[in-house]
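Engineer: Give me coordinates for this.
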Amino acid sequence: MNRLHPHYKVAEMTKEQFFYAYKELAKTAEQHVLLESGRTGKLCIAGVDPLVTLTSRQSHSVELEWRDGMKEVREGEPLELVSAIIESMKMESVPELPDFQGGAIGFISYDYARTYEPIEEMTVDDLDTPDVFFYLFDRWAVLDQDTETVYFMALPGRGLDVSKMEREWLDAAEVGLSNRAITTSDLTIDYTRPENVEVSVTGPQFEQMVRDVQQYIADGDVNQVNLSVRQSKLLSADPLSMYEALRSFNPSPYMASIGAKEFAVVSGSPELLLKKRGTELSTRPIGGTRPRGATEIEDETFEMDLLSNEKEKGEHIMLVEQELEDFGQVCVPETVETDEFMVIERYSHVMHLVSNVRGTASPELSNAAIIKGVFPGGSITGSPKLRTMEIIEELEPTRRGLYTGSIGWVGFNGDMELNIVIRTAYIKDGVAHIQAGAGLVADSDPKAEYVESLNKARALWQAKEMAEAVE
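Structural biologist: Below you'll find the predicted structure:
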C-alpha cells in the first residue's frame, strides 16, 4: 500500500502575514497562485514557482511544461489527463493536516465544455484563454486562518527542506508587511464607474439580446438564460496590487490571485461550483441580487424586498432545480438534498439569495467525470443547461474564457473544491477584462438587466482604481 504523505512543518502566522509573504515571494516569480477564503471559509493556499504547468487549449491533449523548461504533450481528454497525473502522485491523507495536502491548483475555462458538449462555434475567441490550466507544486503553504497556523508542505522523496521554506516565508512576511501598498485610508477613495471602458455589447445591443431571450422563453425553449457583458480597460498597476485592494474591502469566500507567463487573474467570487470531501459532494447556487444599503435599516429593506420578490424567488428555484438535476447524474440515488434554502448572504456591494445542495458521489465516477457532470454551473448558464449554452453562444459576441468557468484545486487525496468564476478580472497584454451578467426570465426589464450587469463589476473596478492610485 502507498504510504507516502507530504513532508511538513508547522508555524504560527496570521492571514495578513500569509498574504504579504505570498505577495513578496511572487514579485520575483512569474508563476504563482493564491486561493484565499475571504468569508465563511477556513483555508488559504499558496504556491510559488510550480514544478510543472498543465495547459490545454481547444484540443484533446495537455502540454506539460516543467520548471527546467522541458515540455511534453500527452494525448487524451484534458481533464481526465490532469486527473490521471494527480492520481499517479497519490498520497495518504495525514489527519492533522488541513484538507488540501497537495495537488493541482488552477482553473477550467467556461469554453472547456466544448470538448464534450455539441455547441456550434459562433463566438470570437479574442483572448485565447486556456481551456484547462493547472499548476503542480513540489512546495506549497496552507494557512488555517481560524487557528493562525500555517503548514509548509513538500513532496516526499525530493530532498526538499521545509524548514528553509518556513524561514523564507517568515522573512518575506516581514518585508511584505513593511512594504504594503494598501492601507485603511485608501478605502475612502470615491468610486465612480470608470470612463472610456470598452464593452463587448452596448446598452441597446444588450436590451435586444434580452428580448431575444424572452422570445425563446415564450416559445418554450428555455426557462431562464444568463447573458453577460464584458468591460475592458488598460491596467496601469501591478495585478498583485489590484488583488491586494480587492481583498481589503471585498473579502469573498473564493478569492484567487494567479500569475502566469501570458496572463494574470484577480478574483473575488462568492459562489461554489463543487466541493468534495471523501464521498460527499456539495454546491451552493446563487441567484437573486440586491445592492447593499447605506444603513442597517436600508440593508434590511433590500433583504426583505429580495426575499419577497416572486421573480427572484422563481429564478432561484429554477437554479436549485438545475443543480439537483446535475447532482442526480453524479451522486448515489436518493442521497441528493437541499439542506439550506434561500438564505441571504451579504457582500461589500451586493447581497445574494443562496441555497446549498449536497449528495454522495457515485463510487464508479472519476473526479474528472464528476466535474464534467456539473460543469459549468447552472446559475451562470440557465435552464435547461445545454440549450441555454447554445443561446449564449448565439447572442454573446465573444467567448467567455475564464468567466463562469472554475478556479480551485484537485487534491492528491481525491478531495477537491472549485468555485464559479464571477467578480473576476482576467488581465492580458496590460488590459483588465471584467465580465458580469444577469439571469433573464420572461418579465426581466432589459434596461435594468444591463445596468445590473455593469454594476456587478463595481468592486473590481474600485480595486483597479485603488491599486493605480497607490502606485
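Engineer: The strand or helix carrying V82 - contacts with which helices or strands?
Structural biologist: Following DSSP states H and E, one finds V82 within helix 78-88. On a contact count with 3 or more C-beta pairs under 8 Å, 6 or more residues apart in numbering; DSSP states H and E, helix 78-88 meets strand 52-56, strand 61-66, strand 103-108, strand 132-136, helix 367-374, strand 406-411. The way it works is simple: take the backbone N, C-alpha and C, and place the C-beta from them, glycine included.
Engineer: Off-centre distance for it?
Structural biologist: Distance, stretch centre to chain centre, for helix 78-88: 20 Å (C-alpha atoms, centre = their mean, to the nearest Å).
Engineer: average pLDDT for that helix?
Structural biologist: Average pLDDT, helix 78-88: 93.
Engineer: before we move on, what about stretch 131-143?
Structural biologist: Average pLDDT, stretch 131-143: 97.
Engineer: what's the closest of the helices and strands packed on helix 78-88 to S83?
Structural biologist: helix 367-374 (4.3 Å; C-beta to C-beta).
Engineer: Identify each buried residue in the closest one, please.
Structural biologist: N367, A368, A369, I370, I371, K372, G373, V374 (16 or more other C-beta atoms under 10 Å).
Engineer: all helices for the stretch 201-350 of the chain, in order.
Structural biologist: 203-218, 239-249, 296-308, 310-330 (DSSP state H, counting those that start in this stretch).
Engineer: The stretch 51-200 of the chain too?
Structural biologist: So, for the stretch 51-200 of the chain - with DSSP H, counting those that start in this stretch - the helices run 78-88, 162-178.
Engineer: Tabulate the CA atom coordinates of stretch 442-456 in PDB.
Structural biologist: The C-alpha coordinates for stretch 442-456 follow below in PDB (Å, rounded to 0.1, in the frame of the first residue of the first chain):
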ATOM      1  CA  ALA A 442     -39.900  36.300 -19.100                       C
ATOM      2  CA  ASP A 443     -40.600  39.500 -17.100                       C
ATOM      3  CA  SER A 444     -37.000  40.900 -17.000                       C
ATOM      4  CA  ASP A 445     -36.600  44.600 -17.700                       C
ATOM      5  CA  PRO A 446     -34.000  44.900 -20.500                       C
ATOM      6  CA  LYS A 447     -32.600  48.300 -19.400                       C
ATOM      7  CA  ALA A 448     -32.400  47.300 -15.700                       C
ATOM      8  CA  GLU A 449     -30.600  44.000 -16.500                       C
ATOM      9  CA  TYR A 450     -27.900  45.900 -18.400                       C
ATOM     10  CA  VAL A 451     -27.300  48.200 -15.500                       C
ATOM     11  CA  GLU A 452     -27.200  45.300 -13.100                       C
ATOM     12  CA  SER A 453     -24.600  43.500 -15.200                       C
ATOM     13  CA  LEU A 454     -22.400  46.600 -15.200                       C
ATOM     14  CA  ASN A 455     -22.900  47.200 -11.500                       C
ATOM     15  CA  LYS A 456     -21.800  43.700 -10.600                       C
END
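Engineer: one step back: got the helices and strands packed on helix 78-88 as a markdown table, with distance to M13 columns?
Structural biologist: Formatted as a markdown table, these follow (distance: least, C-beta to C-beta, whole Å):
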| stretch | distance to M13 |
| --- | --- |
| strand 52-56 | 27 |
| strand 61-66 | 30 |
| strand 103-108 | 19 |
| strand 132-136 | 22 |
| helix 367-374 | 30 |
| strand 406-411 | 20 |
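Engineer: which stretches of the protein have low pLDDT?
Structural biologist: The chain contains residues with pLDDT under 70 at 1-3, 39-40, 183-194, 348.
Engineer: how about a cut-off of 50?
Structural biologist: 1-2 (pLDDT under 50).
Engineer: got the contact list for I317?
Structural biologist: Listed by C-beta atoms under 8 Å, 6 or more residues apart in numbering, I317 has no contact partners.
Engineer: ok, now how distant is it from V213?
Structural biologist: As judged by C-beta to C-beta, to the nearest Å, I317 and V213 stand 19 Å apart.
Engineer: can you check D299 too?
Structural biologist: Relative to V213, D299 is positioned 31 Å away (C-beta to C-beta).
Engineer: got it, and V33?
Structural biologist: Distance from V33 to V213, by C-beta to C-beta: 36 Å.
Engineer: And E452, by the same measure?
Structural biologist: 14 Å.
Engineer: cool, E207 as well?
Structural biologist: 11 Å.
Engineer: can you check M304 too?
Structural biologist: In terms of C-beta to C-beta, M304 sits 28 Å off from V213.
Engineer: if you count what's nearby, which of those two comes out ahead?
Structural biologist: When M304 is set against V213 and neighbours are counted by other C-beta atoms under 10 Å, the residue ahead is V213, at 27 against 12.
Engineer: ok, how many other residues are close to E364?
Structural biologist: Using other C-beta under 10 Å, E364 is surrounded by 6 other residues.
Engineer: For M416, which residues are in contact?
Structural biologist: G103, L274, K275, K276, N367, I371, G408, W409, V410.
Engineer: Could you give the bridge partners of it?
Structural biologist: K276, V410 (DSSP bridges).
Engineer: Roughly how far does it sit from A361?
Structural biologist: As judged by C-beta to C-beta, M416 and A361 stand 10 Å apart.
Engineer: Quickly list what's touching both of the two.
Structural biologist: Joint contacts of M416 and A361 (C-beta under 8 Å, 6+ apart) are K276.
Engineer: what would the helices of the stretch 51-200 of the chain look like in CSV with mean neighbour count and distance to V441?
Structural biologist: Below are those laid out as CSV (neighbours: other C-beta atoms under 10 Å; distance: least, C-beta to C-beta, whole Å):
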stretch, mean neighbour count, distance to V441
helix 78-88, 19, 32
helix 162-178, 17, 46
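Engineer: Out of those, the one nearest Q17 is which?
Structural biologist: Nearest of those to Q17, taken as C-beta to C-beta: helix 162-178 at 4.0 Å.
Engineer: How far does the closest one sit from its chain's centre?
Structural biologist: On C-alpha atoms, centre = their mean, the centre of helix 162-178 falls 27 Å from the chain's centre.
Engineer: Tell me which other helices or strands that helix touches.
Structural biologist: By 3+ C-beta pairs under 8 Å, 6+ apart, helix 162-178 packs against strand 7-12, helix 15-26, strand 139-144, strand 149-154.
Engineer: Ok, which of those comes nearest E280?
Structural biologist: Nearest to E280 among those is strand 139-144; the distance by C-beta to C-beta comes to 20.3 Å.
Engineer: List the strands paired with that closest one, with their directions.
Structural biologist: Counting by DSSP bridges, strand 139-144 is paired with strand 43-48 (antiparallel), strand 149-154 (antiparallel).
Engineer: Residues in contact with that strand: which ones?
Structural biologist: With contact meaning C-beta under 8 Å, 6+ apart, strand 139-144 is reached by 13, 15, 18, 22, 42-47, 97-98, 100-102, 105, 149-155, 160, 162, 165, 169.
Engineer: quick revisit: let's have the helices of the stretch 51-200 of the chain in TSV, adding distance to D429.
Structural biologist: Output for the helices of the stretch 51-200 of the chain, formatted as TSV (distance: least, C-beta to C-beta, whole Å):
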stretch	distance to D429
helix 78-88	25
helix 162-178	27
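Engineer: out of those, nearest to V225?
Structural biologist: Here helix 78-88 is closest among those (C-beta to C-beta), at 25.6 Å.
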